[in-house]
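Peer 1: What follows is a predicted structure for the sequence shown.
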Amino acid sequence: MIYSQSESEIIFSSNSAIEIAKIQEVWSGKIFILTDENTLRYCLPKIISADNQQIKNITIKAGEKFKHIQTVEEVWEFLNSNGADRKSLLINLGGGVLCDLGGFAASTFKRGLDFIHIPTTLLSQVDASVGGKTGVNFKSFKNEIGCFSFPRKVIIDPIFLETLDNENILSGYAEMLKHAFISGQDDYKKLQKFEMTKSKMDYASLIDLIKHSVEIKGKIVLEDPMETGLRKVLNFGHTIGHAFESFYLDSTNEISHGKAVAYGMAVELYLSHKKLGFQKNKLYESVKYINTIFGKPYFKPSDYEVLYNLMTHDKKNESAQINFTLLKDFGHPVYDQTAKKEEIFEGFELYLKN
Ligand SMILES: NC(=O)c1ccc[n+]([C@@H]2O[C@H](COP(=O)([O-])OP(=O)(O)OC[C@H]3O[C@@H](n4cnc5c(N)ncnc54)[C@H](O)[C@@H]3O)[C@@H](O)[C@H]2O)c1
Ligand SMILES: [Zn+2]
């Protein structure tokens, strides 16, 4: 299945090796493939044979901790010393960290190389590879440096999910859940019925759910690629989610992006109830479901202030106010919402208690 999304072509394939071969046939410039330690081991052999001399591999360290400008420099260094020019292509084979970082490295090297994403985590398949956001973290601020830049193609192949651990499957599931919250209760119920535990997972149905999730995001991005309005609905769960993610980034219990977003959605549902009348019964059912799937983060009232400070640095803020997307109901997201510090603390309080 192929459809166009903004300037990227999205291909759902069950044989991405063939897609790579097709690219090699037509691409006249040099081709580079970026992997991290894990995708080098688990994913690269699935698409390129070891004796392929035409594609040069660059490998970076895995994980959010390495999503910073020094790693981008390593990629630039490799491209530079291997003669990359404006006709070169960078293929990003990995999760959201690698797609964000590789997309940014390609978009800034010699003012921009073409790049292709082959997302290998569930999260990057349903979210990070789609929509043209690239970037890296700066100090403790998430995605503080970056640019909008669309990959030539996104190739989504479920084969990569076979080696992904349960924690990362759950992380992607959180973004699928976010898409369902903003698209409607039917989608939310459909997801709830799906067995997300890896050993019991039905891959055929998962592909349909991935496609639908990408469609939800794709439609929104198409209408508002640069996030001047509507696209902000995709930030549901992220204002508080990013604060949780940054909060745990330097600790020993670092949490996945998706898990942080799930916690963020729970607190933002409380705010949705308080500010926009999201129904109480739906609130408690949803938070209970989120708790069952994702557990709860460890934080205490003395941490509220730290979390709040992290939120005040969020890019989504305008005129010094913390910006949220909240829900009036399933399928009725409202962007550009704000909340007072006390209301946010009250959200944390209720979340800790329930
Ligand atoms: N650009 C966007 O629109 C957007 C949207 C959502 C999230 N993001 C970003 O995505 C990042 C999170 O992405 P992620 O959760 O994919 O993290 P990730 O890229 O760190 O991948 C998670 C882990 O899985 C490993 N891995 C990747 N594919 C594998 C495979 N097939 N088998 C085994 N291991 C594999 C990675 O090496 C890593 O250790 C965050 O930095 C977030 O900010 C960006
Ligand atoms: Zn996200």
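Peer 2: Yep, it's here. Ligands and ions are numbered 1, 2, ... in the order given.
Peer 1: Could you use CA atoms for every contact and neighbour count after this?
Peer 2: Noted.
Peer 1: So which bits of the stretch 1-150 of the chain are right by ligand 1?
Peer 2: Residues of the stretch 1-150 of the chain lying near ligand 1 by C-alpha under 6 Å from any ligand atom: 36, 38-39, 42-43, 62-64, 94-98, 100, 120-121, 123-124, 127-128, 131, 133-134.
Peer 1: Quick one, which of those residues are buried?
Peer 2: Neighbour counting by 16 or more other C-alpha atoms under 10 Å classes 36, 38-39, 43, 62, 64, 94-98, 100, 120-121, 123-124, 127-128, 131, 133-134 among those as buried.
Peer 1: From those residues, which land in strands?
Peer 2: 36, 94, 133-134 (DSSP state E).
Peer 1: so P119 sits right up against V97, yeah?
Peer 2: No: applying C-alpha atoms under 8 Å, one finds P119 not in contact with V97, separated by 10.0 Å.
Peer 1: Give the residues shared as contacts by the two.
Peer 2: Among the neighbours of P119, none is also in contact with V97 (C-alpha atoms under 8 Å, 6 or more residues apart in numbering).
Peer 1: Give me the neighbour count for the nearest residue to I48 once chain neighbours are set aside.
Peer 2: Nearest non-adjacent residue to I48, counting by C-alpha to C-alpha, 6 or more residues apart in numbering: A17, 6.5 Å away. Using other C-alpha atoms under 10 Å, A17 is surrounded by 17 other residues.
Peer 1: Relative to N52, how far out is A17?
Peer 2: 12 Å (C-alpha to C-alpha, to the nearest Å).
Peer 1: Name the residues that touch the helix or strand containing K22?
Peer 2: Using DSSP states H and E, K22 maps to helix 16-26. Applying C-alpha under 8 Å, 6+ apart, the external contacts of helix 16-26 come out as 31, 46-48, 155-157.
Peer 1: okay, which residue is most central for the chain?
Peer 2: A128 (3.6 Å; C-alpha atoms, centre = their mean).
Peer 1: my read: it touches L98, true?
Peer 2: No: counting by C-alpha under 8 Å, A128 stays clear of L98, with 9.6 Å between them.
Peer 1: For ligand 1, what is the nearest residue in the stretch 101-250 of the chain?
Peer 2: Taking C-alpha to the nearest ligand atom as the measure, the stretch 101-250 of the chain has A128 as its residue closest to ligand 1, at 3.4 Å.
Peer 1: Model confidence score at that residue, please.
Peer 2: As predicted, A128 sits at a pLDDT of 94.
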